[in-house]
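Asker: The sequence isn't on hand, but the structure is:
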């Protein structure tokens, strides 16, 4: 297992602040964040390629903070893979095996075993320059696995792979994890984090802003950054100013009041609601929705399944509509419309 | 039809792209090439074939050519052991006074080679520490192949260091870091990753240093007039007998230099293909 305790590092114009997290044995731990957040630097500090200014790193309960790069029992697969161009695939995989006391025959057996596991047995005698991105990724993985690391560190491992090959590689990584390999995986892709990780740490601007299971992080984003990052567009900051019966509360954003249910004692915070919870109509709907506002369409964007329509009701709200609805309602920019959102679709996140 | 169209459009392109600048640059470049080629070609053409054969048969000439080649080669190989690690340090590490070190390395290129020879003579003469030490061990630098090798190395080693340094700089640091992460020691990283990947540049540096060493006259003539390397022999024939007698040796030596140059390059290329 891996413990990172209060690691800080000034690196060029960038700064890592008090990075702390714990990865248990067998975890698939995702470090999620936008590019430039410092995720790769965290991996390089763990591997010892960059020295931290302060803080500790423990691997299997041993403080490795001051150990040599090669003695930390962590294997790092770089984003650009760093497969040695002057060696064949077999020589690459065998590189970490060339140690004192390992017999040639044992080395060969191990290379074949790893190549079989990663389905690259047919590539063993090839030169790296003749391989595709996906094949190189498997070579780099096999080479790092030959090290038998306690923790496998992967830097954006799916970025060099074609979309068609992604699912194969994802299945491979999941299987490695199921066999007991502890993995720390850096990504900027939320879907990747949800589908692979059993724990997620969200990194922004050199700090970890939230840690938890993917569901926790997705359902309870602890900041606007996390919420935006997880794809929720209707995310507003404001204050709860009044309370009706049954804990129905009025949340005010620039004099606009959203009604919602919340049992938090705090009054300052955020609300968010999904785009597909917003109903759009030409006239005010006579239904149960308590949150109904008139506004003007400011933008219409085509999406994978329909359109994203932005309505200005004093703040800009996004609604997800089907192609048919947009056609039927003859929606266009500057048209006046009504939107309604059910109170129980609106989630309140208190400010910490 | 389309061929004709292509021809027409090509003519148009030339017409459109015509530039006085390019024309003048080409003419100036041509003059420069002529300046390099014509004296050498003139000398070769002015030398009768029979005199070439006669001179090539002389023992003194053969011995001097052989001496020049092996001493230049030995100097290159011995100094490579000192130069390549330094080139690696310069490519990979920042340290105080690095710019000064780089300046010192280029120093032999900018000072007159006769001055370099005088400086070296003082450095290796029998009164100096180096001279005394070597004399006590039973050999001398002044007037020996060892002294010639030092003079050749002094003026030519910057080429090897600079080429090797560029070669190491071009090796992605990522690969070295990956090797370290895979448990390799610093020296194993150097010999399995850095050196093989910088090899092409290092070989170019080898060739440049070797060629520069072979053709050195100024520094060598002061340190060791005898035994005579070919550039000194050419000078001696010229000053004792005149142009006519110096020419055949010069032509033969230029031929040998070109041959060696091409050979080394071919070997280097083949090695790279095999690797």
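Answerer: Nice, thanks for sending it over. Quick caveat, the model's predicted, so the values are computed rather than measured.
Asker: what does the stretch 101-250 of chain B put close to chain A?
Answerer: With the criterion set to CB under 8 Å from any CB of the partner chain, the stretch 101-250 of chain B comes near chain A through B:172, B:174-175, B:177-185, B:188, B:192-193, B:196-197. For every residue, glycine as well, the C-beta is placed using N, CA and C.
Asker: Which members of these are classed as buried?
Answerer: Among these, those scoring as buried are B:175, B:177-184, B:188, B:192-193, B:196-197 (criterion: 16 or more other CB atoms under 10 Å in any protein chain shown).
Asker: So which of the residues you listed belong to helices?
Answerer: B:175, B:177-181, B:188, B:196-197 (DSSP state H).
Asker: does residue B:55 really touch residue B:252, like I thought?
Answerer: Yes. With contact defined as CB atoms under 8 Å, residue B:55 counts as touching residue B:252 (6.2 Å).
Asker: between these two, what contacts are shared?
Answerer: Shared contacts of residue B:55 and residue B:252, defined by CB atoms under 8 Å, 6 or more residues apart in numbering or on different chains, comprise residue B:61.
Asker: Distance from the lengthiest helix in chain A to the middle of the chain?
Answerer: Longest helix in chain A, counting residues (DSSP H): helix A:163-178. The chain centre lies 16 Å from the centre of helix A:163-178; the measure is CA atoms, centre = their mean, to the nearest Å.
Asker: got it, and stretch A:50-59?
Answerer: Relative to the centre of its chain, stretch A:50-59 is centred 23 Å away, using CA atoms, centre = their mean.
Asker: Show me chain A divided up by domain.
Answerer: A:2-229, A:234-350 (automatic domain parsing).
Asker: closest one to chain B among these?
Answerer: Nearest of those to chain B, taken as CB to the nearest CB: domain A:2-229 at 3.7 Å.
Asker: can you tell me the average pLDDT over that closest one?
Answerer: Domain A:2-229 shows a mean pLDDT of 90.
Asker: is that domain up against chain B anywhere?
Answerer: Yes. Using CB under 8 Å from any CB, domain A:2-229 reaches chain B at A:47-49, A:69-71, A:74-76, A:78, A:80, A:82, A:84-86, A:95-96, A:98-99, A:143-144, A:146-147.
Asker: Restricted to strands, list these.
Answerer: Taking DSSP state E, the ones among those that sit in strands are A:74-76.
Asker: still on that earlier bit, would you mark the buried spots in the longest helix of chain A?
Answerer: So for helix A:163-178, counting by 16+ other CB under 10 Å, buried means A:165, A:169-170, A:172-173, A:176-177.
Asker: do stretch B:252-260 as well
Answerer: B:252-254, B:256-257, B:260.
Asker: any idea which helix or strand comes after the strand or helix carrying residue B:82?
Answerer: Using DSSP states H and E, residue B:82 sits in helix B:59-92. Per DSSP H and E, helix B:59-92 leads on to helix B:98-110 as the next helix or strand towards the C-terminus.
Asker: which strands and helices sit next to the following helix or strand past that next one?
Answerer: For helix B:98-110, the following helix or strand on the C-terminal side (DSSP H and E) is helix B:113-124. Using 3 or more CB pairs under 8 Å, 6 or more residues apart in numbering or on different chains; DSSP states H and E, the elements in contact with helix B:113-124 are helix B:129-136, helix B:145-170, helix B:218-223.
Asker: Looking at these, spot the one closest to residue A:54.
Answerer: Residue A:54 sits nearest to helix B:145-170 of all the helices and strands packed on helix B:113-124, at 32.1 Å, using CB to CB.
Asker: can you map out the strands along the stretch 101-250 of chain A?
Answerer: A:151-155, A:182-187, A:199-204, A:207-212, A:234-243, A:248-253 (DSSP state E, counting those that start in this stretch).
Asker: and those as JSON lines, adding mean neighbour count?
Answerer: Converted to JSON lines, the strands of the stretch 101-250 of chain A look like this (neighbours: other CB atoms under 10 Å in any protein chain shown):
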{"stretch": "strand A:151-155", "mean neighbour count": "24"}
{"stretch": "strand A:182-187", "mean neighbour count": "24"}
{"stretch": "strand A:199-204", "mean neighbour count": "24"}
{"stretch": "strand A:207-212", "mean neighbour count": "18"}
{"stretch": "strand A:234-243", "mean neighbour count": "16"}
{"stretch": "strand A:248-253", "mean neighbour count": "18"}
